[in-house]
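1. Model the following, please.
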Amino acid sequence: MAPQDAWGDAQGERIPLGHLSSVTAGPSGSLLEHLHDGPDGVPVIAPPDLTEHFSVDARRVRRVPSRQAERLARFALRAGDLVVVRQGTLGRLALIGTEHTGWLYSSSCLRIRPHRDVVLPAYLAAYLTHPPVRRELLGRALPGTVPSLNSAMLNQLPVTVVPLERQRAVVEALADIDEQIRIQREMATRLEALRPSVFDELTNRWPHQ
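-> Modelled structure (predicted):
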């Protein structure tokens, strides 16, 4: 089959996520019964550790003893994995970096390990966080007091896949936008910090009657 035929038309092909990656639910809570807040052991990523910017906030991450982590090696993360919340704040995810290699993830999360010969991790992360896709994902959630997702639902989710070269172009374009967003946020933060001092200076210089 020619490469173009394999990918379908120029707009990309809709392929189930389960054909593009392996999806693995986190270990059961009983396997993580020794979670603690201390500095020793292996970190375990939970939903509160996933930020709105698709990254991991490690400041409050909990840990399990190293000996227990060895028994949970099949749940170890590596760079390029995606961790997705499956209970609670559905749809939130993080793209795992090299600094998180060997970490674990909780029972409230799912791990997506992309097949990199067909889909780039950063492209898949961008796709799954695209608002229309998030709405479709949430629409597939199991109803209940706490809506939830499972591996079967994610495996069936259709993903629009374009050739790798185009995926790289998408990732690069989004990275440029993200960098501009970061710069603008930093500028806004500096201006907010400057505002009170400007007010104080101007009022103190005001001529007294």
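
2. which residues in the chain form helices?
-> Secondary structure of the chain (DSSP state H): helices at 3-7, 17-20, 66-71, 121-128, 131-139, 151-156, 164-205.

3. I'd like the distance from the third one to the chain centre, please.
-> Going back to what we said before, that points to helix 66-71. In terms of C-alpha atoms, centre = their mean, to the nearest Å, the gap separating the centre of helix 66-71 from the centre of its chain is 25 Å.

4. Restricting to C-alpha, output it in PDB.
-> Provided in PDB are the C-alpha atoms of helix 66-71 (Å, rounded to 0.1, in the frame of the first residue of the first chain):
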ATOM      1  CA  SER A  66      10.600   2.300  46.200                       C
ATOM      2  CA  ARG A  67      10.100  -1.400  47.000                       C
ATOM      3  CA  GLN A  68       6.400  -1.100  46.300                       C
ATOM      4  CA  ALA A  69       7.100   0.900  43.100                       C
ATOM      5  CA  GLU A  70       9.200  -2.000  41.800                       C
ATOM      6  CA  ARG A  71       6.100  -4.300  42.000                       C
END
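
5. Now for the closest residue to residue 175 other than its chain neighbours, how many residues are close by?
-> Closest residue in space to residue 175, ignoring its immediate chain neighbours: residue 122 at 7.9 Å, by C-beta to C-beta, 6 or more residues apart in numbering. (Glycine included, C-beta is placed from N, CA and C.) Using other C-beta atoms under 10 Å, residue 122 has 20 neighbouring residues.
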